[in-house]
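Asks: Take a look and give me a structure for this.
(2 chains)
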There are 2 protein chains.
Amino acid sequence: MSGKIVALCGGIGGAKLALGLAEVVAPEDLTIFVNTGDDFEHLGLHISPDVDTVLYTLAGLANPTLGWGLAGETWTFMDALTRLGGEDWFRLGDGDLATHVQRTWRLRAGDSLTAITADLSRALGIGPAIAPMSDDAVRTVLDTENGRLEFQDYFVRRRAAPVVRAIAYEGAEEAAVSPAVLAALADPALEQIIVCPSNPWLSVAPLLAIPGLRQALTESGRPIVAVSPLVGGQAVKGPTAKLMTELGLAVTARAIAGFYGPLIHGHVLDTSHAHEAPAIVSDGYVVEVMPTLMTDLPSKAALARRVLAFGRRLAQSRLA
Amino acid sequence: MSGKIVALCGGIGGAKLALGLAEVVAPEDLTIFVNTGDDFEHLGLHISPDVDTVLYTLAGLANPTLGWGLAGETWTFMDALTRLGGEDWFRLGDGDLATHVQRTWRLRAGDSLTAITADLSRALGIGPAIAPMSDDAVRTVLDTENGRLEFQDYFVRRRAAPVVRAIAYEGAEEAAVSPAVLAALADPALEQIIVCPSNPWLSVAPLLAIPGLRQALTESGRPIVAVSPLVGGQAVKGPTAKLMTELGLAVTARAIAGFYGPLIHGHVLDTSHAHEAPAIVSDGYVVEVMPTLMTDLPSKAALARRVLAFGRRLAQSRLA
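Replies: Residues are numbered from 1 along each chain as shown, chains lettered A, B, ... in the order given. Reported below is the predicted structural model:
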C-alpha cells in the first residue's frame, strides 16, 4: 500500500519525470508543484511556461519536436503579429495562445492561478493535481554581465547566453504558498516528495525561495528525494552546466546536493555520475545510482518507479 | 482639383465603398471614420469588429469567403479554446487574434484607440487615414423581445434573430470625438462627406449619437451624401430590412432618408429604388439614382467615382 506523492518540477526535464510518475502513481495520489518563477506578462498575456509544459506533457499534447508548446501547432498568429510590427521574439503558437488568453482573462476576473490551473488540467483530462507554487508573483531575475535581466529576456530572447553572476527570486519572501500545495503537504497520507530533474537554480530554487513552502516541505516530515539533472556532466537540455560554471561551481551532482543542503534526504544520480556517490554520502546524504535518461514513456515510468522505491525505503527507514 | 474626402462607415457594406474610395481618392485626401459601437471585450481582448473589417479590406487582406476576418485564416486557437472549455461562440481566427492582442495590450498600456488604429493601418501599408469615431467606449445595446442584449450577443451569438424594440448607444452622450475625426472635419481642404451604405441604425447611428461628432459634421458646412444600403428592398448583407420592419418602418430608402433627417443633404439610391426618388426629393433632399451593388473592385471604384461626383456637384451648388 503506497501513500501519496508530491513532485516539485519546473519545465521540460522535470515534466518528463512528472509524466513518468503519472504513469505509475494513481491520479488521486499525485500532486505536482510547478515553478512559476518563469511566469511573465507578454503582450498583455499572463504566460506560465512551466505550468503549461507540465499541462501539455501530462495531457499528451506536448510538441515532440520543439520540446515546448503543443503538438500540431500552427503559427498564423506570429506571422500576423510580425506583419503588424508587434514584438515577436517570444514564439506563441496559435493553440498555445488559447491557454494564455483563457488564463489571463480569468486572472483579470479575479480567479487564482491555482483555480485556473486546476480547471485547465481538468479540461485537458489530466488526472494528477497540478499546483502552481503560489498565486502571488515570484519572478526569477538574473544579474548578468549585461545587467539585470528578467527570466524570459535572459532565457528566450538572449538564449541564456549572458554570463550569470547571481539569481534573485523577486517576490518570493512575501509570496503565499498555493493552498493546493499546502494541502498536499499537510495530507497525512503523504509518503514522499520528489524533486524532479529540473534546473535547481532556475526551476526548483524559486519554489524553495518561498519561506512558507520550504517550511511546509520540512514540516511534512516526509523524505525528500532529488533527482540530479546531470547526465555525463551535462544537463540533458538547457543551461544547467553553463550556469553552474558561471556561479563558480563544479558541474557535479555533489555541487547540486550541496546547493539543496539538508532539505533533501536522498539524491538520485545518473549512472554516469556513480563516481560521485561516495563523496555525497560522506556529505551526509543517502544516494542511489540509476539510469536517469528519459527517452520515451517506458524509460520515464521506469525512472519514476525506481525513484519512488528509493523514497519508500527512505520513508521506512525514518519510521524504523 | 478635388478636395479632401471624409467617409463614415461601419462594417462589411461600408468597407466596400471605403475600398472603392481608396481606389479613386489620393491616400492623403481620404479619412474614414469607423463605428466602434460594436466594440466589445471578449476573453479579456478588446475587439473592434468594424475597424478591423475596414483595416483588412483596405489592406487587401479581407477574407473573401467569410465576409469578415482575414484571408488565409487558420483556426487552431478556437479548437484549442474549445478543448479548454472556453467561450467559443465568437470565432477568432489565429491571424485576427494578433490584431486583438496587439490592440488590447497597447490600450492597457495607455495608448488611444486612435493612435493604435493609425499604427496598425501603417503596418498594413494602408494609405488613407482610418479613424475610430471615439477613443471612449460607446456601446450599441438592443432592447429586444429577449431583453437587453449587447451588440455581439445579439448580432453574432443570436444571429440577429431576436425582435428589436429599440436601440441605445450607451456612452455616446459623454464620448469625446476622436481627435483624428475632428481634425479631418476641420480641414479647410475638406470637400465632402460620404456616409457609406452601412446599416444606418447599427453602424452609422453610433457615430451620429456622439453630440460632438454630429455637431462637427454640421459645422463643417460641407455636403453630406448618404448611400442607401437597400438594393431591391433588401440589404445586400445583414439585418437592415428585418430591423427596419421591427422598428415599425417601411423598408424604403425614404425611411432611411427620414431617419438621417436634415443632417444629410444628398441621397444615393440604387436603381432598384428609383421609384422612391420623387418622394425623397419632395421631402427636401437632393437625390441621385445609380447602380450601388458592389461585386468587385471595378464596381466599388465606379460607385465611389459617381458618389464623389454627386457630392462635388452639391458642394459647387452650395458655393454658388
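
Asks: Which elements pack onto the helix or strand of chain A with the lowest mean pLDDT?
Replies: The helix or strand of chain A with the poorest confidence is strand A:234-235; it has a mean of 85 (mean pLDDT, DSSP states H and E). Secondary-structure packing of strand A:234-235 (3 or more C-beta pairs under 8 Å, 6 or more residues apart in numbering or on different chains; DSSP states H and E): helix A:240-246. For the C-beta atoms, the positions are set from N, CA and C on the backbone; glycine is no exception.

Asks: Please put the alpha-carbon coordinates of whichever helix or strand comes after the helix it packs on into CSV.
Replies: Once the chain leaves helix A:240-246, the next helix or strand it forms, by DSSP states H and E, is helix A:253-260. Presented in CSV, the C-alpha positions along helix A:253-260 are these (Å, rounded to 0.1, in the frame of the first residue of the first chain):
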residue,chain,number,x,y,z
ALA,A,253,26.0,16.1,-8.7
ARG,A,254,27.8,16.9,-5.4
ALA,A,255,27.5,20.6,-6.1
ILE,A,256,23.8,20.2,-6.6
ALA,A,257,23.4,18.2,-3.4
GLY,A,258,25.3,21.0,-1.7
PHE,A,259,23.1,23.6,-3.1
TYR,A,260,19.9,21.8,-1.9
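
Asks: any idea of the mean pLDDT in helix A:253-260?
Replies: Averaging pLDDT along helix A:253-260 gives 96.

Asks: what does that helix rub up against?
Replies: By C-beta atoms under 8 Å, 6 or more residues apart in numbering or on different chains, the surrounding residues in contact with helix A:253-260 are A:195, A:200-201, A:208, A:226, A:228-230, A:244, A:249, A:264, A:267, A:269-270, A:273, A:276, A:279-280, A:283, A:285.

Asks: quick one: strands adjacent to the helix or strand that that helix is followed by?
Replies: Counting by DSSP H and E, the next helix or strand C-terminal to helix A:253-260 is strand A:266-270. Paired with strand A:266-270 in the same sheet, following DSSP bridges, are strand A:224-227 (parallel), strand A:286-290 (parallel).

Asks: How about the following helix or strand past strand A:266-270, which residues are buried there?
Replies: Using DSSP H and E, the helix or strand that follows strand A:266-270 towards the C-terminus is helix A:277-282. Going by neighbour count (16 or more other C-beta atoms under 10 Å in any protein chain shown), the buried part of helix A:277-282 is A:A277, A:I280.

Asks: what are the phi and psi angles of A:L17?
Replies: phi -70, psi -30 (degrees, to the nearest 10).

Asks: quick one, what contacts it?
Replies: Counting by C-beta under 8 Å, 6+ apart, A:L17 touches A:A7, A:C9, A:I194, A:C196, A:P197, A:V227, A:M294, A:K300, A:L303, A:A304, A:V307.

Asks: picking up where we left off before, excluding its own residues, what touches the least confident helix or strand of chain A? List them.
Replies: Residues contacting strand A:234-235 (C-beta under 8 Å, 6+ apart): A:G13, A:N199, A:P229, A:T240, A:A241, A:V251.

Asks: Dump these to CSV, plus neighbour count.
Replies: CSV is the format used below for those (neighbours: other C-beta atoms under 10 Å in any protein chain shown):
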residue, neighbour count
A:G13, 26
A:N199, 24
A:P229, 28
A:T240, 25
A:A241, 16
A:V251, 16
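
Asks: Including distance to chain B, could those residues go into CSV?
Replies: CSV is the format used below for the contacts of strand A:234-235 (distance: C-beta to the nearest C-beta, whole Å):
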residue, distance to chain B
A:G13, 25
A:N199, 28
A:P229, 30
A:T240, 31
A:A241, 35
A:V251, 39
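
Asks: Just the closest of these to A:G311, please.
Replies: Set against A:G311, the nearest of these by C-beta to C-beta is A:P229 (17.6 Å).

Asks: from what I can see the closest one touches A:P197, true?
Replies: Yes - judged on C-beta atoms under 8 Å, A:P229 makes contact with A:P197 at a distance of 3.9 Å.

Asks: anything in contact with each of those two?
Replies: Shared contacts of A:P229 and A:P197 (C-beta under 8 Å, 6+ apart): A:G13, A:V236.

Asks: Identify those among the contacts of A:L17 that sit within helices.
Replies: Secondary structure of those is defined by DSSP state H; positions in helices are A:K300, A:L303, A:A304, A:V307.

Asks: count of neighbours near the first one?
Replies: Applying the criterion other C-beta atoms under 10 Å in any protein chain shown, we find 22 residues in the vicinity of A:K300.

Asks: ok, it touching A:A15?
Replies: No - with contacts counted by C-beta under 8 Å, A:K300 stays clear of A:A15, the gap being 9.7 Å.

Asks: hmm, back to that, check the contacts of A:L17 against B:L314 and report the nearest one.
Replies: Closest to B:L314, out of all of those and judged by C-beta to C-beta, is A:C9, at 71.8 Å.

Asks: before we move on, back to that, packed most tightly, which of the strands paired with strand A:266-270 would that be?
Replies: Most buried of these by mean neighbour count (mean count of other C-beta atoms under 10 Å in any protein chain shown) is strand A:224-227; its value is a mean of 26.

Asks: mind listing the strands for chain A?
Replies: Counting by DSSP state E, one finds strands in chain A at the ranges A:4-9, A:30-34, A:40-42, A:45-47, A:129-132, A:139-144, A:147-150, A:164-170, A:190-195, A:224-227, A:230-231, A:234-235, A:266-270, A:286-290.

Asks: possible to save the strands paired with strand A:266-270 as JSON lines with mean pLDDT and distance to A:P162?
Replies: Listed next are the strands paired with strand A:266-270 as JSON lines, based on pLDDT from 0 to 100; distance: least, C-beta to C-beta, whole Å:
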{"stretch": "strand A:224-227", "mean pLDDT": "98", "distance to A:P162": "27"}
{"stretch": "strand A:286-290", "mean pLDDT": "97", "distance to A:P162": "34"}
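
Asks: will you turn those into CSV that also has distance to A:T218?
Replies: Shown next, in CSV, are the strands paired with strand A:266-270 (distance: least, C-beta to C-beta, whole Å):
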stretch, distance to A:T218
strand A:224-227, 9
strand A:286-290, 17
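
Asks: re the thing from before, which of the contacts of helix A:253-260 are buried?
Replies: Neighbour counting by 16+ other C-beta under 10 Å classes A:195, A:200-201, A:208, A:226, A:228-230, A:244, A:249, A:264, A:267, A:269-270, A:273, A:276, A:280, A:285 among those as buried.

Asks: How about the residues of chain A by chain B?
Replies: For chain A, the residues in contact with chain B (C-beta under 8 Å from any C-beta of the partner chain) are A:43-45, A:70, A:72-74, A:76-81, A:83-86, A:93-99, A:101-102, A:104-105, A:108, A:119-120, A:123-124.
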